[in-house]
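[1] Just a sequence and a predicted model for now, questions to come.
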Amino acid sequence: MASKSNSGKLGLWTSTSLVVGNMIGAGIFLMPAAMASYGGIGLLGWVFSAIGSFFIAKVFSNLSKLIPNATGGPYAYTRAGFGDFAGFLVAWGYCISICCANAAIVVSFVSAMSVFFPILATNTVAAVLTGLCTLWFITWINTMGVAISGKFQLVTTMLKLIPLLLVAVGGLLFINPSNFHPFNLSGMNTFDAITRTATMTMFAFVGIECATIPAGSTENSGKTVSSATILGVLVVTLVYILGSFSVMGVIPPSVLEKSLTPYADAAVVIYGPAAKYLVSGGVAIAAFGALNGWVLVQGQVPFAIAKDKLFPAIFGRLNTKGVPTYGMIISCTIISLLMIMNYSKGLVEQFKFLLLLSTLSVLVPYLLSAAAYIVVGTKKSALHKASLVSVVLLGMLAFIYALWEISGSGYQTVYYGFIFLMAGVPFYIWLSYKKHQAEE
């Protein structure tokens, strides 16, 4: 298969694992508890967010064919549709957002490991050192080339799916129908309850775009990225919905909403007391694998911008394996500082605030990529073998869903997120000036 090629590039299965692995992080293991107070109607929230995410995935899938080998994914697509400035804004927010998200993933990994090593929950120094060692070890793996990090991602993705699938499939034999009655426990009308739960679940689909970002390092880019994106979303949707259904069916809602480890609690009912360690290990592997995937991405996006002279040249330097090592090291230094903030009493709130700010920066690329698809797709509709109407319809559906995602993230997120994005404008002005000087 493509993934077993000796070309040193990502193939279908490694690209798919990048999508699946980056979408399934440690947070999904807590989602059933967060949804419990809404009742079974939360499953419809999953369905609606999955449908909307499929529109986004289809846009990225089609764009990967229209603009093959475009490293940077959403940045490259937005730049193709709207020019340097829009592309820069997407990349600016996306890069910093990844740093904030990776810091949170490191923290969740250390938290999961505390089940096996309790000292990590009580000793700040041990927790920080564990987090730093994990981050820099994964960074080292990624400097060895995209093929190595891709294979590593494939292994960790398969490992994290095991406990999720064991609970999702095994739980079907222990479903108690009364746990779904009444179907709507929220006290809201049906539409509002679905909207609220769909808003909660949509963030679990962040990462749809990940196969598009290292497209320049992917075999048969147009076909592979397109297939990996759609396949990844389908796998994740199946795991999310089936897993949530099983956990909600096994554990009564009154108990589930108070659970700190819903998947582990369900595993105990299904397989016995020892199963909680399997699921806790799954949480740790989920965080570990997601961190690997996002570290790979965090090097590729600045590299793509630097190639277009819209970011400092150091981010565009490659090592002998073709990896933007310097960009990775700079990004991981920032992540290290952000992670340490979380373990400093006076900086915990600032850390949470940075995560809030990063949320919008993940969603804006979806919005602008959908709009760019209409611009690029209408110009190349003959090449794409799609009618003008289908291009516009898909682009609008994806655009509306992305806009709904942004509105659902809350007023505070949109307000501060907009300021966060605009803070990059002076940086763009300076880089544009330097670029203009270099061209003279």
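    That came through, no problem.

[2] what ranges of the stretch 251-400 of the chain fall below the confidence cut-off?
    Within the stretch 251-400 of the chain, the stretches with pLDDT under 70 are 345-352, 354-357, 381-386.

[3] in it, which spans are helices?
    Per DSSP state H, counting those that start in this stretch, the stretch 251-400 of the chain carries helices over the ranges 253-256, 262-271, 275-307, 325-342, 348-379, 381-384, 388-408.

[4] Give the buried residues for the fourth one.
    The one in question is helix 325-342. For helix 325-342, a neighbour-count test (16 or more other Cβ atoms under 10 Å) marks 325-328, 330-332, 334-336, 338-342 as buried. Just so you know, the C-beta spots here come from the backbone N, C-alpha and C atoms, and that holds for glycine as well.

[5] Between the residues you listed, which sits nearest residue 33?
    Nearest to residue 33 among these, counting by Cβ to Cβ, is residue 342 at 21.6 Å.

[6] Tell me the pLDDT of residue 56.
    On pLDDT, residue 56 comes in at 94.

[7] Can you verify my assumption that it contacts residue 401?
    Yes - Residue 56 is within contact range of residue 401, at 6.5 Å (criterion: Cβ atoms under 8 Å).

[8] So the two - more neighbours on which side?
    Neighbour tally, residue 56 and residue 401, criterion other Cβ atoms under 10 Å: the higher count belongs to residue 56, 28 against 24.

[9] so where does the more buried one fall, helix or strand?
    Here residue 56, judged by DSSP states H and E, is contained in helix 42-66.

[10] after that helix, next one along is what?
    Sequence order places helix 74-82 as the next helix or strand after helix 42-66, per DSSP H and E.

[11] what sits up against that following helix?
    For helix 74-82, contacts defined as Cβ atoms under 8 Å, 6 or more residues apart in numbering pick out 60, 63, 67, 70, 72, 86-88, 90-91, 94, 209, 212-213, 215, 301, 304-305, 308, 365-366, 368-369, 371-376.

[12] Helix 42-66 and that one, what's the angle between them?
    Between helix 74-82 and helix 42-66, the angle comes out at 70 degrees (axes from the mean of the first three to the mean of the last three Cα atoms, to 10 degrees).

[13] What's the first helix or strand after helix 74-82?
    Next along from helix 74-82, by DSSP H and E: helix 84-113.

[14] name the helices or strands packed onto that next one?
    Helix 84-113 is packed against helix 74-82, helix 119-122, helix 124-142, helix 275-307, helix 325-342, helix 348-379, helix 411-422, helix 425-439, with contacts defined by 3 or more Cβ pairs under 8 Å, 6 or more residues apart in numbering; DSSP states H and E.

[15] before we move on, back to that, filter the contacts of helix 74-82 down to the buried ones, ChimeraX style.
    Only the buried entries of the contacts of helix 74-82 go into this ChimeraX selection, using 16+ other Cβ under 10 Å:
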select :60,63,67,70,72,86,87,88,90,91,94,209,212,213,215,301,304,305,308,365,366,368,369,371,372,373,374,375,376
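
[16] Enumerate every residue touching the spatially closest residue to residue 306 that is not a sequence neighbour.
    Nearest residue to residue 306 in three dimensions, chain neighbours excluded: residue 316, at 3.3 Å (Cβ to Cβ, 6 or more residues apart in numbering). Residue 316 sits next to 302-303, 306-307, 324, 327 when contact means Cβ under 8 Å, 6+ apart.

[17] State the distance from the nearest residue to residue 276 once chain neighbours are set aside to residue 282.
    Leaving aside its sequence neighbours, residue 276 sits nearest to residue 264 (Cβ to Cβ, 6+ apart; 4.2 Å). For residue 264, the distance to residue 282 equals 9 Å [Cβ to Cβ, to the nearest Å].

[18] Now do the shared contacts for these two.
    With Cβ under 8 Å, 6+ apart, residue 264 and residue 282 have common neighbours residue 29.

[19] Which of those two has more residues huddled nearby?
    residue 282 (26 against 21).

[20] Residue 158 is in contact with the more buried one, correct?
    No - if you go by Cβ under 8 Å, residue 282 and residue 158 don't touch, sitting 11.4 Å apart.

[21] Need the residue closest to the centroid of the chain.
    Centroid-nearest residue in the chain: residue 207, 2.9 Å away (criterion: Cα atoms, centre = their mean).

[22] ok so, going back, with distance to residue 142 as new columns, can the helices of the stretch 251-400 of the chain be given to me in JSON lines?
    Shown next, in JSON lines, are those (distance: least, Cβ to Cβ, whole Å):
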{"stretch": "helix 253-256", "distance to residue 142": "37"}
{"stretch": "helix 262-271", "distance to residue 142": "28"}
{"stretch": "helix 275-307", "distance to residue 142": "5"}
{"stretch": "helix 325-342", "distance to residue 142": "6"}
{"stretch": "helix 348-379", "distance to residue 142": "20"}
{"stretch": "helix 381-384", "distance to residue 142": "33"}
{"stretch": "helix 388-408", "distance to residue 142": "29"}
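
[23] Go through those and pick out the most buried.
    helix 275-307 (a mean of 25; mean count of other Cβ atoms under 10 Å).

[24] Ramachandran angles for residue 308?
    Main-chain torsions, residue 308, degrees, to the nearest 10: phi -90, psi 10.

[25] Would you check that it makes contact with residue 83?
    No - distance between residue 308 and residue 83: 11.0 Å, which falls outside the contact criterion (Cβ under 8 Å).
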